[in-house]
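Enquirer: next input, structure requested:
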Amino acid sequence: MRIGRVGIVVVVLWLLVGVIAAAQRGYFSTSETNCAKAGNTIVTVIAGPLNYLGINPKLKCTVPQPSK
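Expert: Modelled structure (predicted):
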């Protein structure tokens, strides 16, 4: 059971570092939301400490336009 607790702590710390990296990049500072910004925020949080090793995850997102 102790390994499970350590794993949970590691995952929480990993995601916390990702949230810090996303905040430093200004992803939480504006109210403008779109698919690409939401995707970039999510992958930055998931990448966690890898952000500080030079990883800069980006997503390109295209949403289909409504028909006329």
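
Enquirer: can you name every helix or strand that the biggest helix by length in the chain contacts?
Expert: Ranked by number of residues, the top helix in the chain under DSSP state H is helix 2-24. Packed against helix 2-24 by the contact rule (3 or more Cβ pairs under 8 Å, 6 or more residues apart in numbering; DSSP states H and E) you find helix 35-47. All C-beta spots, glycine's among them, are computed from the backbone N, C-alpha and C.

Enquirer: using CSV, list the CA coordinates for the helix it packs on.
Expert: The C-alpha trace of helix 35-47 is given here as CSV (Å, rounded to 0.1, in the frame of the first residue of the first chain):
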residue,chain,number,x,y,z
CYS,A,35,-9.7,25.0,-28.8
ALA,A,36,-6.0,25.5,-29.2
LYS,A,37,-5.6,27.4,-26.0
ALA,A,38,-7.5,24.8,-24.0
GLY,A,39,-5.5,22.0,-25.6
ASN,A,40,-2.1,23.8,-25.0
THR,A,41,-3.1,24.3,-21.3
ILE,A,42,-4.0,20.7,-20.9
VAL,A,43,-0.9,19.2,-22.5
THR,A,44,1.3,21.7,-20.6
VAL,A,45,-0.2,20.5,-17.3
ILE,A,46,0.2,16.9,-18.3
ALA,A,47,3.8,17.4,-19.4
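
Enquirer: and the angle from it to helix 2-24?
Expert: Using axes from the mean of the first three to the mean of the last three Cα atoms, to 10 degrees, the direction of helix 35-47 lies 140 degrees away from that of helix 2-24.

Enquirer: name the residues that touch helix 35-47?
Expert: Helix 35-47 has contacts (Cβ atoms under 8 Å, 6 or more residues apart in numbering) with 15, 18-19, 21-22, 25, 27-28, 51, 55, 57-63.

Enquirer: ok now the longest helix of the chain, how far from the chain's centre?
Expert: In terms of Cα atoms, centre = their mean, to the nearest Å, the centre of helix 2-24 is found 12 Å from the chain centre.

Enquirer: about what we covered before: and the contacts of helix 35-47, which are buried?
Expert: Neighbour-count burial (16 or more other Cβ atoms under 10 Å) is assigned, among the contacts of helix 35-47, to 18, 21-22, 27, 51, 57.
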